[in-house]
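*Asks:* Next one to model:
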Amino acid sequence: LVMKRAPIERAAAIAGQNGGVVSVLPLRKGKAGLIITGNEVYHGLIEDRFAPILTRKLTDLDCEVDRISFAPDNTEIIRQAIYTHIERGCDLVLLSGGMSVDPDDVTRKGIRLAGAEEIHYGAAALPGAMFLVAYIGKVPLIGVPAPYNRTRSGPAPHSVWRKNRQKRTGVSGPWRTLSRLPGMYLPALCLRQRELTGNSNQKIEKIK
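*Replies:* Numbering: from 1, shown residues only. Next comes the predicted model:
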(Lines give C-alpha, C1' and ligand atoms only; values in the text may rest on other atoms or scores of the structure.)
Protein backbone atom coordinates (compact mmCIF):
# COMPACT_ATOMS: atom_id res chain seq x y z
CA LEU A 1 0.00 0.00 0.00
CA VAL A 2 1.12 3.56 -0.73
CA MET A 3 -0.07 6.67 1.08
CA LYS A 4 0.88 10.29 1.11
CA ARG A 5 3.21 11.36 3.89
CA ALA A 6 0.89 14.02 5.40
CA PRO A 7 -1.83 11.66 6.77
CA ILE A 8 0.80 9.41 8.32
CA GLU A 9 2.51 12.30 10.05
CA ARG A 10 -0.85 13.65 11.27
CA ALA A 11 -1.81 10.24 12.71
CA ALA A 12 1.58 9.94 14.43
CA ALA A 13 1.17 13.41 15.96
CA ILE A 14 -2.29 12.56 17.31
CA ALA A 15 -1.02 9.31 18.78
CA GLY A 16 1.93 11.09 20.38
CA GLN A 17 -0.35 13.64 22.06
CA ASN A 18 -2.52 10.90 23.57
CA GLY A 19 0.21 8.64 24.86
CA GLY A 20 0.36 6.36 21.83
CA VAL A 21 -1.81 3.43 20.82
CA VAL A 22 0.58 0.63 21.79
CA SER A 23 3.25 0.63 24.46
CA VAL A 24 6.01 -1.96 24.72
CA LEU A 25 7.06 -2.75 28.28
CA PRO A 26 10.40 -4.32 29.16
CA LEU A 27 10.40 -7.93 30.32
CA ARG A 28 10.46 -8.09 34.08
CA LYS A 29 12.32 -10.77 35.98
CA GLY A 30 9.91 -13.48 37.05
CA LYS A 31 9.98 -16.18 39.69
CA ALA A 32 8.81 -19.45 38.13
CA GLY A 33 7.90 -22.86 39.46
CA LEU A 34 7.92 -26.08 37.44
CA ILE A 35 5.61 -29.04 38.00
CA ILE A 36 6.50 -32.15 36.01
CA THR A 37 3.50 -34.51 35.93
CA GLY A 38 3.09 -38.11 34.88
CA ASN A 39 3.26 -41.52 36.52
CA GLU A 40 6.07 -42.65 34.23
CA VAL A 41 8.42 -39.87 35.32
CA TYR A 42 7.25 -39.82 38.94
CA HIS A 43 7.91 -43.55 39.43
CA GLY A 44 11.20 -43.49 37.53
CA LEU A 45 10.05 -45.49 34.50
CA ILE A 46 11.41 -42.84 32.12
CA GLU A 47 13.86 -39.99 32.47
CA ASP A 48 12.41 -36.49 32.61
CA ARG A 49 13.67 -34.12 29.93
CA PHE A 50 11.22 -31.31 30.46
CA ALA A 51 12.85 -29.69 33.50
CA PRO A 52 16.25 -28.99 31.87
CA ILE A 53 14.65 -27.58 28.71
CA LEU A 54 12.13 -25.39 30.52
CA THR A 55 14.75 -24.23 33.01
CA ARG A 56 17.09 -23.19 30.20
CA LYS A 57 14.35 -21.29 28.37
CA LEU A 58 13.30 -19.48 31.55
CA THR A 59 16.82 -18.50 32.53
CA ASP A 60 17.41 -17.22 29.00
CA LEU A 61 14.55 -14.80 29.71
CA ASP A 62 16.23 -13.77 32.99
CA CYS A 63 13.67 -15.63 35.12
CA GLU A 64 14.46 -17.44 38.34
CA VAL A 65 13.36 -21.07 38.65
CA ASP A 66 12.41 -21.28 42.31
CA ARG A 67 11.51 -24.96 42.54
CA ILE A 68 10.93 -28.08 40.44
CA SER A 69 8.23 -30.49 41.66
CA PHE A 70 7.27 -33.93 40.36
CA ALA A 71 3.70 -35.18 40.63
CA PRO A 72 1.95 -38.40 39.55
CA ASP A 73 -1.29 -38.42 37.58
CA ASN A 74 -3.28 -37.45 40.64
CA THR A 75 -5.46 -34.33 40.67
CA GLU A 76 -5.14 -33.69 44.40
CA ILE A 77 -1.33 -33.92 44.38
CA ILE A 78 -1.16 -31.64 41.33
CA ARG A 79 -3.48 -29.16 43.06
CA GLN A 80 -1.31 -29.14 46.18
CA ALA A 81 1.85 -28.67 44.11
CA ILE A 82 0.31 -25.61 42.45
CA TYR A 83 -0.62 -24.15 45.86
CA THR A 84 2.90 -24.77 47.16
CA HIS A 85 4.50 -22.86 44.30
CA ILE A 86 2.12 -19.92 44.66
CA GLU A 87 2.64 -19.82 48.43
CA ARG A 88 6.40 -19.65 47.80
CA GLY A 89 5.85 -16.46 45.84
CA CYS A 90 6.05 -17.78 42.28
CA ASP A 91 4.41 -15.45 39.79
CA LEU A 92 4.48 -18.05 37.01
CA VAL A 93 3.80 -21.80 37.19
CA LEU A 94 4.54 -24.18 34.32
CA LEU A 95 3.09 -27.69 34.24
CA SER A 96 4.29 -30.29 31.77
CA GLY A 97 2.62 -33.52 30.68
CA GLY A 98 -0.90 -34.83 31.12
CA MET A 99 -2.35 -32.28 28.70
CA SER A 100 -3.90 -34.78 26.27
CA VAL A 101 -7.39 -36.31 26.35
CA ASP A 102 -6.52 -39.80 27.58
CA PRO A 103 -8.22 -40.96 30.80
CA ASP A 104 -4.97 -40.74 32.78
CA ASP A 105 -4.19 -37.21 31.58
CA VAL A 106 -5.50 -35.30 34.59
CA THR A 107 -3.27 -32.22 34.73
CA ARG A 108 -6.06 -29.97 33.44
CA LYS A 109 -8.40 -31.33 36.13
CA GLY A 110 -5.76 -30.61 38.77
CA ILE A 111 -5.42 -27.04 37.49
CA ARG A 112 -9.17 -26.52 37.64
CA LEU A 113 -9.32 -28.11 41.11
CA ALA A 114 -6.75 -25.56 42.29
CA GLY A 115 -9.27 -22.82 41.50
CA ALA A 116 -7.91 -21.65 38.15
CA GLU A 117 -10.03 -19.28 36.10
CA GLU A 118 -9.96 -18.13 32.49
CA ILE A 119 -8.78 -21.54 31.32
CA HIS A 120 -7.87 -21.47 27.64
CA TYR A 121 -7.04 -24.91 26.24
CA GLY A 122 -5.81 -25.63 22.75
CA ALA A 123 -4.15 -23.58 20.06
CA ALA A 124 -4.66 -23.78 16.32
CA ALA A 125 -1.01 -24.55 15.72
CA LEU A 126 1.48 -27.40 16.02
CA PRO A 127 3.27 -28.06 18.25
CA GLY A 128 0.85 -26.56 20.72
CA ALA A 129 -2.59 -27.99 20.00
CA MET A 130 -2.85 -28.95 23.69
CA PHE A 131 -1.27 -25.79 25.08
CA LEU A 132 -3.08 -24.37 28.12
CA VAL A 133 -3.16 -20.99 29.83
CA ALA A 134 -5.06 -20.33 33.06
CA TYR A 135 -4.93 -17.92 35.98
CA ILE A 136 -5.21 -18.18 39.75
CA GLY A 137 -5.60 -14.59 40.77
CA LYS A 138 -2.83 -12.78 38.90
CA VAL A 139 -0.58 -15.84 38.65
CA PRO A 140 -0.56 -17.42 35.17
CA LEU A 141 -0.40 -21.19 34.85
CA ILE A 142 0.96 -22.58 31.60
CA GLY A 143 0.31 -26.18 30.56
CA VAL A 144 3.06 -27.47 28.29
CA PRO A 145 2.08 -30.46 26.12
CA ALA A 146 4.44 -33.36 25.58
CA PRO A 147 6.03 -33.39 22.11
CA TYR A 148 5.33 -36.30 19.80
CA ASN A 149 8.39 -35.95 17.59
CA ARG A 150 12.07 -36.60 18.07
CA THR A 151 14.35 -33.84 19.25
CA ARG A 152 17.89 -33.11 18.17
CA SER A 153 19.19 -34.58 21.40
CA GLY A 154 17.22 -37.83 21.09
CA PRO A 155 13.70 -39.20 21.56
CA ALA A 156 10.95 -37.00 22.90
CA PRO A 157 10.36 -37.27 26.69
CA HIS A 158 7.66 -39.96 26.57
CA SER A 159 8.79 -41.85 23.47
CA VAL A 160 10.78 -44.49 25.37
CA TRP A 161 7.80 -45.45 27.53
CA ARG A 162 5.49 -45.43 24.51
CA LYS A 163 7.87 -47.70 22.56
CA ASN A 164 8.03 -50.23 25.40
CA ARG A 165 4.25 -50.15 25.79
CA GLN A 166 3.77 -50.82 22.08
CA LYS A 167 6.15 -53.78 22.20
CA ARG A 168 4.29 -55.33 25.12
CA THR A 169 0.82 -54.90 23.60
CA GLY A 170 1.53 -55.60 19.93
CA VAL A 171 0.50 -52.26 18.40
CA SER A 172 2.61 -52.17 15.28
CA GLY A 173 2.52 -51.50 11.57
CA PRO A 174 0.07 -48.82 10.40
CA TRP A 175 -1.66 -48.84 13.79
CA ARG A 176 1.54 -47.69 15.50
CA THR A 177 1.37 -44.35 13.70
CA LEU A 178 -2.29 -44.00 14.64
CA SER A 179 -1.54 -44.89 18.26
CA ARG A 180 0.83 -41.92 18.56
CA LEU A 181 -1.98 -39.43 18.03
CA PRO A 182 -3.50 -37.90 21.17
CA GLY A 183 -6.25 -40.08 22.59
CA MET A 184 -5.89 -42.73 19.85
CA TYR A 185 -3.78 -45.40 21.57
CA LEU A 186 -6.62 -47.64 22.78
CA PRO A 187 -8.66 -47.27 19.54
CA ALA A 188 -5.55 -48.24 17.59
CA LEU A 189 -5.05 -51.26 19.86
CA CYS A 190 -8.67 -52.34 19.29
CA LEU A 191 -8.26 -52.05 15.53
CA ARG A 192 -5.02 -54.03 15.67
CA GLN A 193 -6.66 -56.79 17.71
CA ARG A 194 -9.63 -56.90 15.32
CA GLU A 195 -7.17 -57.32 12.45
CA LEU A 196 -5.44 -60.22 14.22
CA THR A 197 -8.45 -62.00 15.70
CA GLY A 198 -11.45 -60.80 13.75
CA ASN A 199 -13.14 -60.06 17.08
CA SER A 200 -13.77 -56.43 17.94
CA ASN A 201 -15.14 -57.35 21.39
CA GLN A 202 -12.00 -59.04 22.65
CA LYS A 203 -11.09 -57.94 26.13
CA ILE A 204 -8.04 -55.69 26.37
CA GLU A 205 -5.72 -56.80 29.13
CA LYS A 206 -4.74 -54.03 31.47
CA ILE A 207 -1.03 -53.18 31.27
CA LYS A 208 0.50 -53.54 34.72
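
*Asks:* so Leu25 sits in a strand?
*Replies:* No - with DSSP: H, G, I helix; E, B strand; the rest coil as the criterion, Leu25 is coil rather than part of a strand.

*Asks:* and it, what pLDDT?
*Replies:* Here, the pLDDT recorded for Leu25 equals 85.

*Asks:* Please apply the same query to the one 3 residues further on.
*Replies:* Turning to Arg28, the model gives it a pLDDT of 83.

*Asks:* I'd like to know how far it sits from Asn18.
*Replies:* Distance, Arg28 to Asn18, using CB to CB, to the nearest Å: 25 Å. Placement of C-beta: from N, CA and C, glycine included.

*Asks:* And Tyr83, by the same measure?
*Replies:* From Tyr83 across to Asn18, the span is 43 Å (CB to CB).

*Asks:* do Ile142 as well
*Replies:* Ile142 is 34 Å from Asn18, by CB to CB.

*Asks:* Which one's more surrounded, those two?
*Replies:* Ile142 (15 against 8; other CB atoms under 10 Å).

*Asks:* where does Gly143 land in three-state SS?
*Replies:* strand.

*Asks:* Now do the contacts for it.
*Replies:* 95-96, 99, 107-108, 111, 121, 130-134 (CB atoms under 8 Å, 6 or more residues apart in numbering).

*Asks:* Grab the nearest non-local neighbour of Cys63.
*Replies:* Gly30 (4.4 Å; CB to CB, 6 or more residues apart in numbering).

*Asks:* Now for the one you found: which residues touch it?
*Replies:* Contacts of Gly30 by CB under 8 Å, 6+ apart are 58, 61, 63-64, 91-92.

*Asks:* and with 10 Å instead?
*Replies:* Neighbouring residues of Gly30 by CB atoms under 10 Å, 6 or more residues apart in numbering: 58, 61-66, 90-92, 140.

*Asks:* Helices along the protein, start to end?
*Replies:* Counting by DSSP state H, one finds helices in the chain at the ranges 5-17, 39-42, 50-60, 75-87, 107-113, 159-169, 174-179, 185-197.

*Asks:* what's near enough to touch Arg83?
*Replies:* Residue 83: Tyr, not Arg. By CB under 10 Å, 6+ apart, the contact list for Tyr83 reads 93, 114-115, 136.

*Asks:* Any quick PyMOL command for the buried ones out of these?
*Replies:* Buried members of the contacts of Tyr83, defined by 16 or more other CB atoms under 10 Å, are picked up in PyMOL with:
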select buried, resi 93+114+136
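
*Asks:* a markdown table please, covering the contacts of Tyr83 and showing distance to Lys4.
*Replies:* Output for those, formatted as a markdown table (distance: CB to CB, whole Å):
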| residue | distance to Lys4 |
| --- | --- |
| Val93 | 51 |
| Ala114 | 55 |
| Gly115 | 55 |
| Ile136 | 51 |
